[in-house]
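Trainee: Okay, predicted coordinates and the sequence, questions at the end:
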Amino acid sequence: MPRKSRGEYPPNWEEIANKVKKEADWKCKRCKHIHQPEKGYALTVHHLDLNKSNCAWWNLAALCQRCHLQIQHKVIMERYWMFEHSSWFIPYVAGYYAHMHERPDDKEYVFQHLDELLMLGKPNGLKGVHDASSITESS
C-alpha cells in the first residue's frame, strides 16, 4: 500500500520552496537537469519523509517533476539500508539519521560526519562503509 503524505504546508511554504530551489541553483539534485517546465522539467521540492510540515533542510530535496514522481513513495527514510545510497541522497539521509539519533542535524555537522552518520542507518551487524568523502555541500 502506498505511503501517504501527512501534515500541512507551513504558511511560508512558497518562500521555503523558493529558497530550496535557489540553493540547488534551480537544478534537480538527482538528475541535475535545470528547471525547464516547458520541456517537462519543472523543479519541485519533495518532502523525503512525506511530512509536509517538516521543513528541515535534510527533508527537502529540489527535484524535477520527473525525478520527484520516480522516487515518491520509494524513499522510506526510516528503513535500514543494506546498499550504498545514491550520491545525491547521502546528505539528506545522513541529516535524517543525525536527527533520529539526537545528534546535531545542521548541515555543517552532517557534512563533517557523513560516514559516521550513514553507519547509523545500517542494520545491526551489517558492516560496510559508504565512501562519502567526495560528497560536498554543493553536490
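Mentor: In hand now; what should we look at? Residues are numbered from 1 along each chain as shown.
Trainee: in what helix or strand does the residue nearest the centre of the chain lie?
Mentor: Residue closest to the average C-alpha location in the chain (CA atoms, centre = their mean): residue 92, at 3.6 Å. According to DSSP states H and E, residue 92 maps onto helix 90-100.
Trainee: Against which helices or strands is the helix or strand following that helix packed?
Mentor: Heading C-terminal from helix 90-100, the first helix or strand you meet, by DSSP H and E, is helix 107-112. Helix 107-112 is packed against helix 90-100, with contacts defined by 3 or more CB pairs under 8 Å, 6 or more residues apart in numbering; DSSP states H and E. Backbone N, C-alpha and C define where each C-beta goes, glycine included.
Trainee: For the helix it packs on, buried residues please.
Mentor: 90-99 (16 or more other CB atoms under 10 Å).
Trainee: same deal with stretch 28-46?
Mentor: For stretch 28-46, by 16+ other CB under 10 Å, it's 28-30, 33, 35, 41, 43-46.
Trainee: nearest to residue 67, of those?
Mentor: Distance to residue 67 across the buried residues of stretch 28-46 (CB to CB) is lowest for residue 30, with 4.2 Å.
Trainee: What residues does that closest one make contact with?
Mentor: Contacts here follow CB atoms under 8 Å, 6 or more residues apart in numbering; on that basis residue 30 touches 61, 63-64, 67, 71, 86, 88-89.
Trainee: and which of those residues is nearest residue 119?
Mentor: residue 89 (15.6 Å).
Trainee: before we move on, the earlier item: pretty sure the residue nearest to the centre of the chain contacts residue 48?
Mentor: Yes. With contact defined as CB atoms under 8 Å, residue 92 reaches residue 48; the gap is 5.8 Å.
Trainee: which residues do these two both contact?
Mentor: 58-59, 61.
Trainee: which of those residues tops the neighbour count?
Mentor: residue 61 (24 neighbours; other CB atoms under 10 Å).
Trainee: you'd agree it is in a strand?
Mentor: Yes. Assessed by DSSP: H, G, I helix; E, B strand; the rest coil, residue 61 belongs to a strand.
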